[in-house]
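S.K.: Just the structure for this:
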Amino acid sequence: MSIIFYTYPKCGTCRKAASWLKEHNVQVEAIDITLNPPSKELLADLYKASGISINKLFNTSGVKYRELGLKDVIPTKTEDELLELLSSDGKLIKRPLLFNGDQATVGFNEEVFEKVWL
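M.R.: Numbering: from 1, shown residues only. Next comes the predicted model:
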């Protein structure tokens with residue numbers, strides 16, 4: 001499986017990640033997360049491969065997150081409900097997301113990218 005790169009073109013962090021990937025000749029399939037958010041099933045695989053908690057998949061600094069009051073809602077939801085919510089709107093998901101079927105990263109951190117994608 002190739003590396004899927006869920007990105008948002010207006011996101012500065014996503015642009016930094018894209019530049020890093022290009023500089024290091026890492027080939028990815030870029031997908032606009034707001035137009036084509038990952039499915040519930042893909043998100044489940046991705047967060048498990050990343051080793052992070054499902055709560056870390058949420059874009060807590062996003063407008064939509066605050067509008068929906070998710071800080072108080074998330075603790076009351078099941079994993080399945082959280083995955084359903086995340087898959088319903090790409091702006092709720094922390095980005096960029098990279099996934100190759102076995103490994104995944106959430107957000108952009110050069111050290112993590114070097115360990116996982118080089």
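S.K.: Now Phe113: which helix or strand?
M.R.: helix 110-117 (DSSP states H and E).
S.K.: Any buried residues in that helix, and which?
M.R.: 113, 117 (16 or more other C-beta atoms under 10 Å). (Glycine included, C-beta is placed from N, CA and C.)
S.K.: So for it, mean pLDDT?
M.R.: The average pLDDT within helix 110-117 is 96.
S.K.: Report pLDDT for the residue nearest to the spatial centre of the chain.
M.R.: In the chain, the residue lying closest to the centroid (C-alpha atoms, centre = their mean) is Leu97, at 3.3 Å. Looking at Leu97, its pLDDT stands at 96.
S.K.: send the alpha carbons of the stretch of helix or strand Tyr6 belongs to over as CSV?
M.R.: Per DSSP H and E: Tyr6 is located in strand 3-7. Presented in CSV, the C-alpha positions along strand 3-7 are these (Å, rounded to 0.1, in the frame of the first residue of the first chain):
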residue,chain,number,x,y,z
ILE,A,3,1.4,6.2,1.7
ILE,A,4,-1.9,8.1,1.9
PHE,A,5,-1.4,11.7,3.0
TYR,A,6,-4.6,13.3,4.3
THR,A,7,-4.0,17.1,4.1
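S.K.: low-scoring stretches of this structure, by residue?
M.R.: Residue ranges of the chain with pLDDT under 70: 1.
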